[in-house]
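A.B. asks: please find the sequence and the predicted model below.
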Amino acid sequence: MAQHDRDGHAKARWWHNLTPGDRRRAGARALIDCRARRHLDTLLILSPRNFRRALRLLRDQGPRAVLSRAGHYFRSWRYMKRAQHPFLASPPIAEELLGMTSREEQAYLRWYAKEAYDGDGEIVDLGSWMGSSTVPLALGLQDNPRVRDKAQRIHAYDIFTWEDWMDGSVAGSALAGRYRPGDSFLDEFRRRTARWEPLIETVPGDLTRLGWESAEPIEFLFNDASKSETLAAAILRNFYPYLIAGKSIVVEQDFAHYYTSWVHLVRYRLREWFEPVFHVPFSGSAVFRCTGAVPREVLEEGAALDSFSDDDIEAAFAASLDLVGEEMKPNVLAARAMLWLHRGDPTRARHELSRAHQEGYAGLDLIRVEREIEAAHQT
Ligand SMILES: C[S@@+](CC[C@H](N)C(=O)[O-])C[C@H]1O[C@@H](n2cnc3c(N)ncnc32)[C@H](O)[C@@H]1O
């Protein structure tokens, strides 16, 4: 990927530092890993857990959603096999991590913490849930040869309070039915990350109130917590001032998700101080590099949807569509339609949905937004 290479984010520096003997051994290991991976991929796709997920999707959203999701997984699987991205070419993470991130995102996070992170600032993981973003970061950091001081360099923030929408993500696992809305799941996060405890500082609390309480800069900000305009605004205000201009990476995990329309508008507003690096294929995550310090007054502008003009909205979504891979464009278009539902205009939302269909896109989150629009029209 051209942008990826130009950015230098993905340079396979390690190869140049190896002796000829090490290179031979690394080559042999890669061959074995590759063969193992072929089987592991198939097993992961055909796992009973995925089968249960498909049944759940069939029950909740119908056959169209199952077919759309199956096609998506199949394309992702084929893509992973051919991909040239260094992070996708590395062996997959052996454990199947319970969580809401994709294998591609997990591969990217581990790759980043091992190959790209320099230790000039901290790693911040916002919205850690059960650790499917935290653990890959820890796996990468523990193998990072350049960073000597690894103690508590990963800061995992979450309110760790169960909500009913989380039930779907634990259905069929040992955690099904364990928590009720309002219960703390901090115990389970700690259990799942215990092996890497020395690398992780766990920060439980509400991100609308919590800020960055360190004098250190932030080199990597993984944002999986911009779940509302209020949360997005708090994160801008409380974490962005600590980014390192010309270096820090921000990952917006909700970039290709139908619900979080404000993410696109905020990215558009910040375009002067960030450059897009790439979209992690077959995932919600888009990666940006901070190129300059964002003025405080811009960070204070927040993320309220009604603070953007129609022209801003058009331009913001056009830029987002340019950045994401073809496979995730339905979700960005779904966010464009959802924006109007959030703004209380279901008629305009329906118009945006038809526009997406006319542009040739269907499936994935466009199905979810269609249901939300239907429900809004019935009330
Ligand atoms: C989509 S989940 C994150 C998934 C996670 N990154 C993973 O790897 O599976 C969003 C997380 O944001 C957290 N969250 C929601 N509102 C929050 C708030 N006000 N403060 C802190 N965390 C919050 C939730 O508890 C949840 O764990």
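C.D. replies: That came through fine. Numbers count the residues shown, from 1 in each chain.

A.B. asks: contact partners for the most centrally placed residue in the chain?
C.D. replies: Nearest residue to the geometric centre of the chain (C-alpha atoms, centre = their mean): Gln253, 2.7 Å. Counting by C-beta atoms under 8 Å, 6 or more residues apart in numbering, Gln253 makes contact with 101, 105, 127, 133, 222-224, 284-285. No exception for glycine: its C-beta is placed from N, CA and C like everyone else's.

A.B. asks: what's the closest of the residues you listed to Ala334?
C.D. replies: Taking C-beta to C-beta as the measure, Ala334 lies nearest Gly284 of the contacts of Gln253, at 11.6 Å.

A.B. asks: in a markdown table, list the contacts of Gln253 along with neighbour count, distance to Ile200 and secondary structure.
C.D. replies: A markdown table is the format used below for those (neighbours: other C-beta atoms under 10 Å; distance: C-beta to C-beta, whole Å; DSSP: H, G, I helix; E, B strand; the rest coil):
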| residue | neighbour count | distance to Ile200 | secondary structure |
| --- | --- | --- | --- |
| Thr101 | 24 | 16 | coil |
| Glu105 | 25 | 18 | helix |
| Gly127 | 21 | 15 | coil |
| Ser133 | 27 | 11 | coil |
| Phe222 | 29 | 13 | strand |
| Asn223 | 23 | 17 | strand |
| Asp224 | 25 | 16 | coil |
| Gly284 | 26 | 23 | coil |
| Ser285 | 28 | 20 | coil |
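
A.B. asks: filter those residues by proximity to the ligand?
C.D. replies: For the ligand, the contacts drawn from the contacts of Gln253 by C-beta under 6 Å from any ligand atom are 101, 127, 133, 224.

A.B. asks: about what we covered before: how confident was the prediction at the residue nearest to the centre of the chain?
C.D. replies: pLDDT recorded at Gln253 is 98.

A.B. asks: any idea how far it is from Asn331?
C.D. replies: 12 Å (C-beta to C-beta, to the nearest Å).

A.B. asks: overlap in contacts of those two?
C.D. replies: Shared contacts of Gln253 and Asn331, defined by C-beta under 8 Å, 6+ apart, are found at Gly284.

A.B. asks: pull the residues that contact stretch 365-379.
C.D. replies: 61, 64-65, 68, 256-258, 330-331, 333-335, 337-338, 341, 346, 349-350, 353, 356-357.

A.B. asks: narrow these to those in helices?
C.D. replies: Judged by DSSP state H, the contacts of stretch 365-379 include 61, 64-65, 68, 330-331, 333-335, 337-338, 341, 346, 349-350, 353, 356-357 as members of helices.

A.B. asks: got the residues of the stretch 201-350 of the chain near the ligand?
C.D. replies: 206-208, 224-225, 227, 231.

A.B. asks: and Arg153, how many neighbours?
C.D. replies: By the criterion of other C-beta atoms under 10 Å, Arg153 has 25 neighbours.

A.B. asks: please verify my assumption that it contacts Asp120.
C.D. replies: No. If you go by C-beta atoms under 8 Å, Arg153 and Asp120 don't touch, sitting 10.9 Å apart.

A.B. asks: sec struct for Thr202, please.
C.D. replies: With DSSP: H, G, I helix; E, B strand; the rest coil as the basis, Thr202 sits in strand.

A.B. asks: which residue is the nearest non-sequential neighbour of it?
C.D. replies: Closest residue to Thr202 apart from its sequence neighbours, by C-beta to C-beta, 6 or more residues apart in numbering: Ala156 at 5.1 Å.

A.B. asks: the helix or strand containing the one you found and the ligand, are they touching?
C.D. replies: Take DSSP states H and E as the rule and Ala156 turns out to sit in strand 154-158. Yes. Strand 154-158 reaches the ligand (C-beta under 6 Å from any ligand atom) through Asp158.

A.B. asks: just the buried residues of the residues of the stretch 201-350 of the chain next to the ligand.
C.D. replies: 207, 224-225, 227, 231 (16 or more other C-beta atoms under 10 Å).

A.B. asks: just the helices in the stretch 151-300 of the chain please.
C.D. replies: 167-170, 186-193, 229-239, 262-269, 296-299 (DSSP state H, counting those that start in this stretch).

A.B. asks: contacts for the second one, please.
C.D. replies: Put plainly, it is helix 186-193. Residues outside helix 186-193 that contact it (C-beta under 8 Å, 6+ apart): 98, 128-131, 134-135, 138, 156, 158, 160, 175, 178, 197, 200, 202, 204.

A.B. asks: whichever of those residues end up buried, select them in PyMOL.
C.D. replies: Buried residues within these, by 16+ other C-beta under 10 Å, are selected in PyMOL with:
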select buried, resi 98+128+129+130+131+134+135+138+156+158+160+175+200+202+204
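
A.B. asks: from the contacts of helix 186-193, which ones fall inside strands?
C.D. replies: Within the contacts of helix 186-193, membership in strands is found for 156, 158, 200, 202, 204, as judged by DSSP state E.
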